[in-house]
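Chemist: Just the structure for this:
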Amino acid sequence: MKTYTFLLAIFLLSANVHAQVNTWNGKKCTVVLTYDDAISQHLDNAVPVLDSLGLKATFYVTAYSAAVRDRLNDWKKLASNGHELGNHTLFHPCIGNTPGREWVRPENDLSQYSVARMVNEVRMTNTFLQALDGKTQRTFAFTCGDMKIGDSAFITPLKNDFVAARAVRHELHKINEIDLYNVDCYMVNGESAEQIIAWVKKAMDTQSLLVLLFHGVGGGNSLDVSIPAHRKVLQFLKQNEKDIWVAPMLEVAEHVKTWQSQGSKK
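Modeler: Next comes the predicted model:
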């Protein structure tokens with residue numbers, strides 16, 4: 001009886017490990033690389049390294065960004081090379097009536113928006129992005145992590161417009177724990193390559209989803225990562241691709257949606 005119990009325990013443990021590994025296309029974890037606000041340094045400093053390593057990322061585009069207006073063809077080329085253009089609103093509104101948000105311009109103060117205005121601007125951005133990449137499936141990223149106008153979660157009337165929406169919190173989640181309209185991420189703000197790689201290793205250890213949020217890459221935003229640190233992180237991901245699935249947010253979100261709808265039978 002003891003031998004049977006022991007063998008059963010080994011079988012169940014093995015089955016559990018197998019299921020966890022197969023959760024992420026046979027890899028230990030998933031990493032999504034996201035870049036916010038449509039900054040020229042993304043095109044100049046991030047994309048060449050991504051392309052040289054064959055890694056695909058998600059770029060959350062604020063349509064009114066100067067780098068978008070001035071470099072439309074570069075953003076089109078980025079999409080044609082397999083990167084995702086995500087929706088990061090038309091004007092990047094944020095709640096301005098809180099401490100530390102003095103930089104928010106009155107016309108872009110989300111606290112002064114109506115839900116209808118936000119919905120209209122977000123949908124207009126989807127139309128703009130479709131003109132760039134021809135796609136109708138898309139993901140969204142909350143600006144400044146702000147998710148409500150007053151007491152209303154403005155993503156609610158937009159759920160049919162997006163497969164997923166990314167928030168801003170330092171948390172990891174296993175596939176069954178992920179809320180696709182509140183996907184957590186780790187925001188990079190001056191961390192070293194070693195610190196960021198430690199986040200990746202934690203995701204590997206816990207079979208979790210890690211979404212990395214970059215703003216500036218070697219400049220362009222006060223929330224910055226150095227070019228050498230950025231390159232070293234991407235090289236680590238490439239060197240460990242047998243254990244790490246790196247894909248754009250849309251692809252990962254569709255995988256999570258399918259897995260959650262089917263459960264572990266997938």
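Chemist: from here on, contacts and neighbour counts on C-alpha atoms
Modeler: Will do.
Chemist: If you count neighbours, what's buried in stretch 215-229?
Modeler: 215-219, 221, 223-227, 229 (16 or more other CA atoms under 10 Å).
Chemist: For it, the averaged confidence score.
Modeler: For stretch 215-229, the mean per-residue pLDDT is 97.
Chemist: ditto for stretch 139-152
Modeler: On average, stretch 139-152 scores 97.
Chemist: Give me the contacts around it.
Modeler: The contact list for stretch 139-152, computed with CA atoms under 8 Å, 6 or more residues apart in numbering, reads 60, 86-89, 92-95, 110-111, 113-115, 153-155, 162-168, 249-250.
Chemist: dump the residue contacts of residue 55.
Modeler: By CA under 8 Å, 6+ apart, the neighbours of residue 55 are 238, 246-247.
Chemist: Check those against residue 76 and report the nearest one.
Modeler: residue 247 (18.8 Å; CA to CA).
Chemist: list the contacts for that closest one?
Modeler: Per CA under 8 Å, 6+ apart, neighbours of residue 247: 30-33, 55-57.
Chemist: Any idea what residue 141 is bridged to?
Modeler: residue 166 (DSSP bridges).
Chemist: so how far is residue 22 from it?
Modeler: 27 Å (CA to CA, to the nearest Å).
Chemist: Looking at those two, which is more packed in?
Modeler: Comparing residue 141 with residue 22 by other CA atoms under 10 Å, the one with more neighbours is residue 141, at 27 against 16.
Chemist: Point out where the stretch 151-266 of the chain drops to low pLDDT.
Modeler: Low-confidence segments of the stretch 151-266 of the chain, defined by pLDDT under 70: 264-266.
Chemist: run the last query once more with 90
Modeler: 169, 262-266 (pLDDT under 90).
Chemist: Inside helices: which ones of the contacts of stretch 139-152?
Modeler: The members of these that map onto helices under DSSP state H are 115, 249-250.
Chemist: Dump these to TSV, plus neighbour count and distance to residue 182.
Modeler: Formatted as TSV, these follow (neighbours: other CA atoms under 10 Å; distance: CA to CA, whole Å):
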residue	neighbour count	distance to residue 182
115	18	18
249	30	13
250	23	14
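Chemist: closest to residue 127 among these?
Modeler: residue 250 (17.0 Å).
Chemist: need the contact list for the closest one.
Modeler: Residue 250 is in contact with 84, 137-139, 163-164, counting by CA under 8 Å, 6+ apart.
Chemist: what about it, distance to residue 82?
Modeler: The value you get for residue 250 to residue 82, if CA to CA is used, is 11 Å.
Chemist: Could you do residue 185 as well?
Modeler: Applying CA to CA, the value for residue 185 to residue 82 is 22 Å.
Chemist: Just flag the most distant two among the buried residues of stretch 215-229.
Modeler: 221 and 229 (15.8 Å).
Chemist: Please list the members of the buried residues of stretch 215-229 that lie in strands.
Modeler: Counting by DSSP state E, the part of the buried residues of stretch 215-229 found in strands is 216-217, 224-225.
Chemist: Present the residues you listed as a markdown table; the columns should include distance to residue 49.
Modeler: Output for those, formatted as a markdown table (distance: CA to CA, whole Å):
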| residue | distance to residue 49 |
| --- | --- |
| 216 | 15 |
| 217 | 11 |
| 224 | 16 |
| 225 | 14 |
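Chemist: For burial, what's the neighbour tally of residue 191?
Modeler: Neighbours of residue 191 (other CA under 10 Å): 15.
Chemist: tell me the contacts of it?
Modeler: So residue 191 contacts residue 225 (CA under 8 Å, 6+ apart).
Chemist: That one belongs to a strand?
Modeler: No: Residue 191 is assigned coil when assessed by DSSP: H, G, I helix; E, B strand; the rest coil, not a strand.
Chemist: For the stretch 51-200 of the chain, which segments are assigned as strands?
Modeler: Taking DSSP state E, counting those that start in this stretch to define them, one finds strands in the stretch 51-200 of the chain at 58-61, 84-87, 139-141, 148-149, 152-153, 164-166, 186-187.
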